[in-house]
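> Output the structure for:
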Amino acid sequence: MKLSGYTKAILNWYAVNRRDLPWRQTTEPYKVWLSEIMLQQTRVSQGLPYYRNFIKRFPTIRNLAKASEEEVLLQWQGLGYYTRARNLHKCAKKIVSDYGGIFPESFTELKKLPGIGSYTAAAIASICFREPVPVLDGNVYRVLSRLFNIEQDINSTAGNKVFLDLAQALIIDDNPGDFNQAIMEFGALQCIPKNPGCEACTLILSCESYSLKNQLERPVKSSKKKKRNRFFNYLVLGNNKGIFMNQRIKNDIWKGLYDFQLIESDEKITDMMVFLNDQGITKEVEWQIHHIKEYKHVLTHQVIHATFYYIDLNIPINKLLSNSFDNGNFYDFDQIENLPKPVLIDNYLKEGIF
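Next up is the predicted model:
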């Protein structure tokens, strides 16, 4: 089959099978950009309600640019990969300040913006401005590697060029946005990672991997890095009015979000009271641990082993605040509801132990 035959078959499949999603009903760059950023590392079913709420809260890029970072993070809470939200906010402010609130219309210019890489720039440029630049995401890599039995590692420089050249040869000039969305949708719904629907696939007779029965071996990609184990020990200092909380300001996970007073250790602490006494932390403050909760929170590159120690405050708040806790304050429960928090912290609070 000629390359044009693959393009036509994928577009025909898309015309019948495409999902009715709100960002496909517009070519407005702001909405397309927002959807592409939100759906990175996120399933459509999870991202859809966030997209709708985000658009409702920030209907235009100027609304987003005027918001505080804390407001943006609160709307993003639960989606994870919070660097995306911070870059989204930074990008919005730059577009408003440097481009008068109007997105640049070329792939090259879009790539200069914060948080917009080749994939996102290609999506915006092709869907909104009809520039024939192909997108390469996990779905596209999988479809192309199977159709053409590509053996190169998708994480290698040489492999990336092979896929980019092939995608460029397949894309059509008259409606590149539709083709990019079609091949991504084909990978998301038809040519899925496990148990792909080969028998019902319109390209079954032209798929090299199907004929070789090696579909599950494509795409080839180098092994993932081993996840790092981290041990978080949270001191939840609270009473029936609220909790002492801390904003994370270091360049680490969850920057800008709020959690509790944290002691990170190399391994699990077996007796927290002994540890606190040894560190001199309880020297000026009398307290007792009332509840202990343990969670395992798995992220892309690390696993958080979190232990929460709830300590009911029986001391004046001003004495606690003078006890050298970093960047922390006492917040009542209504205030805490409006603070952006990691899912791990939000889940703990929802346990209702107070």
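
> Test my guess that residue 128 contacts residue 32.
Yes: Residue 128 is within contact range of residue 32, at 5.6 Å (criterion: C-beta atoms under 8 Å). From N, CA and C alone the C-beta is placed, and that goes for glycine too.

> between those two, what contacts are shared?
Residues touching both residue 128 and residue 32 by C-beta atoms under 8 Å, 6 or more residues apart in numbering: none at all.

> for this structure, longest helix please?
Assignment by DSSP state H gives helix 83-99 as the longest helix of the chain.

> From the contact counts, what lies against that one?
For helix 83-99, the packing partners by 3 or more C-beta pairs under 8 Å, 6 or more residues apart in numbering; DSSP states H and E come out as helix 29-38, helix 61-66, helix 69-76.

> low-confidence ranges in this structure?
Residue ranges of the chain with pLDDT under 70: 279-287, 314-327, 352-354.

> Please name the nearest non-neighbouring residue to the most centrally placed residue in it.
Centroid-nearest residue in the chain: residue 81, 3.8 Å away (criterion: C-alpha atoms, centre = their mean). The shortest distance from residue 81 to any non-neighbouring residue, by C-beta to C-beta, 6 or more residues apart in numbering, is to residue 41 (5.5 Å).

> same deal with residue 242?
In space, residue 242 is closest to residue 332, 3.9 Å off (C-beta to C-beta, 6+ apart).

> ditto for residue 84
residue 37 (5.4 Å).

> The one you found and residue 209, how far apart?
Distance, residue 37 to residue 209, using C-beta to C-beta, to the nearest Å: 31 Å.

> Do you have the strands of the stretch 251-354 of the chain handy? List them.
258-259, 261-265, 289-298, 302-312, 328-332 (DSSP state E, counting those that start in this stretch).

> and this structure, what are its domains?
Split into domains by automatic domain parsing, the chain comes to 3-217, 228-350.

> Can you say which of these is packed in most?
Mean neighbour counts were compared across the domains of the chain using mean count of other C-beta atoms under 10 Å; the top stretch is domain 3-217, at a mean of 17.

> For that one, measure first residue to last.
One end of domain 3-217 sits 23 Å from the other (C-alpha to C-alpha, to the nearest Å).

> next one: stretch 127-135
11 Å.

> which residues touch that stretch?
So stretch 127-135 is contacted by 27-29, 32, 103, 105-107, 119, 121-123, 125-126, 140, 164, 167-168, 170-173, 175-177, 180-181, 183-184 (C-beta under 8 Å, 6+ apart).

> Where does residue 235 fall, secondary structure wise?
strand 228-238 (DSSP states H and E).

> Find the residue closest to residue 235 in space, skipping its chain neighbours.
Ranked by C-beta to C-beta, 6+ apart and with sequence neighbours excluded, the top spatial neighbour of residue 235 is residue 261, at 4.2 Å.

> Next up, the contacts around the one you found.
So residue 261 contacts 234-237, 244, 246, 325, 328 (C-beta under 8 Å, 6+ apart).

> Same question for residue 153.
Contacts of residue 153 by C-beta under 8 Å, 6+ apart are 159, 220-222.

> For the stretch 101-250 of the chain, which segments count as strands?
In the stretch 101-250 of the chain, the segments counted as strands under DSSP E, counting those that start in this stretch are 228-238, 242-247.

> Among the ones you listed, single out whichever gets nearest to residue 2.
Comparing the strands of the stretch 101-250 of the chain against residue 2 with C-beta to C-beta, the closest turns out to be strand 228-238 (47.5 Å).

> just checking, what packs against the closest one?
Going by 3+ C-beta pairs under 8 Å, 6+ apart, strand 228-238 lies up against strand 242-247, strand 261-265, strand 302-312.

> how much does the second one deviate in direction from strand 228-238?
Think strand 261-265. Counting by axes from the mean of the first three to the mean of the last three C-alpha atoms, to 10 degrees, strand 261-265 lies at 150 degrees to strand 228-238.

> Strand 261-265 pairs with which strands, parallel or anti?
strand 228-238 (antiparallel) (DSSP bridges).

> Can you give the contact residues for the partner strand?
Contacts of strand 228-238 (C-beta under 8 Å, 6+ apart): 243-244, 259-269, 272, 287, 301-313, 320, 348, 354.
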